[in-house]
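Participant: give me a 3D structure for the following:
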Amino acid sequence: MHKFETAADSDLREILYLINKINREWYSTIIPEEHYQDPFLTRKQLDHMATFMDFFVLREEGHIIAVGSFSSRDEKTAWIPLMHVHSKYQRKGIGSSLLRYLEKKAVALNFTKIQLETDSEAKWAINFYEKHGFSIFKKDKNPWGYHVWLEKPLN
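Facilitator: Numbers count the residues shown, from 1 in each chain. The predicted model follows:
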């Protein structure tokens with residue numbers, strides 16, 4: 001069982017590094033160069049996000065290897081804005097454990113559904129979330145395709 005913990009403010013630098021590293025590895029290949037933003041997230045943006053959402057991390061040998069964030073969209077809907085697992089640790093069940101952890105947080109707070117979004121070309125991400133009971137409920141056009149919103153009812 002993976003032991004996730006609430007991130008501290010002192011973790012934000014390492015969280016930012018992981019988020020930008022993973023986005024560079026995965027999304028730079030599907031988002032056209034003229035639209036790709038590197039870094040994906042700035043420290044100022046992350047600091048702002050930390051004012052209205054919680055971050056949870058998994059460490060190995062003192063280093064953050066996975067991060068997920070959690071907030072709300074409305075009184076009934078939880079939202080997962082970010083979820084990243086270091087490439088070296090992918091396909092080891094960490095992403096599934098992190099997703100279950102975030103879902104349990106949402107249930108404990110009496111949310112009835114949980115949502116997230118990804119790029120329509122991130123087929124690996126869509127397949128992962130669909131495997132875990134999410135389904136696409138909305139698409140937003142962007143300059144290179146679509147952002148897709150996925151949702152899952154919580155019991």
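
Participant: number of residues surrounding the residue lying closest to residue 78 once chain neighbours are set aside?
Facilitator: Leaving aside its sequence neighbours, residue 78 sits nearest to residue 106 (Cβ to Cβ, 6 or more residues apart in numbering; 3.6 Å). Every residue, glycine included, has its C-beta placed from N, CA and C. For residue 106, the neighbour count with other Cβ atoms under 10 Å is 21.

Participant: swap in residue 10?
Facilitator: Neighbour tally, residue 10, other Cβ under 10 Å: 7.

Participant: picking that back up, ok so the residue nearest to residue 78 is a helix residue?
Facilitator: Yes: according to DSSP: H, G, I helix; E, B strand; the rest coil, residue 106 belongs to a helix.

Participant: all strands for the chain, in order.
Facilitator: Assigned by DSSP state E, the strands in the chain fall at 5-6, 54-60, 63-74, 77-80, 83-85, 113-119, 135-142, 145-153.

Participant: from the contact counts, what lies against the third one?
Facilitator: On a contact count with 3 or more Cβ pairs under 8 Å, 6 or more residues apart in numbering; DSSP states H and E, strand 63-74 meets helix 12-27, strand 54-60, strand 77-80, strand 83-85, helix 94-108.

Participant: to residue 42, which of these lies closest?
Facilitator: Set against residue 42 and scored by Cβ to Cβ, the helices and strands packed on strand 63-74 come closest in helix 12-27, at 8.1 Å.

Participant: now do that closest one against strand 63-74, angle only.
Facilitator: Comparing the axes of helix 12-27 and strand 63-74 via axes from the mean of the first three to the mean of the last three Cα atoms, to 10 degrees yields an angle of 80 degrees.

Participant: for residue 22, which of the strands of the chain is the nearest?
Facilitator: Comparing these by Cβ to Cβ, strand 83-85 comes nearest, at 4.4 Å.

Participant: quick one: buried residues of that closest one?
Facilitator: 83-85 (16 or more other Cβ atoms under 10 Å).

Participant: run through the neighbouring helices and strands of it.
Facilitator: Applying 3+ Cβ pairs under 8 Å, 6+ apart, one finds that strand 83-85 contacts helix 12-27, strand 63-74, helix 94-108.

Participant: again, 6 Å this time
Facilitator: helix 12-27, strand 63-74 (3 or more Cβ pairs under 6 Å, 6 or more residues apart in numbering; DSSP states H and E).
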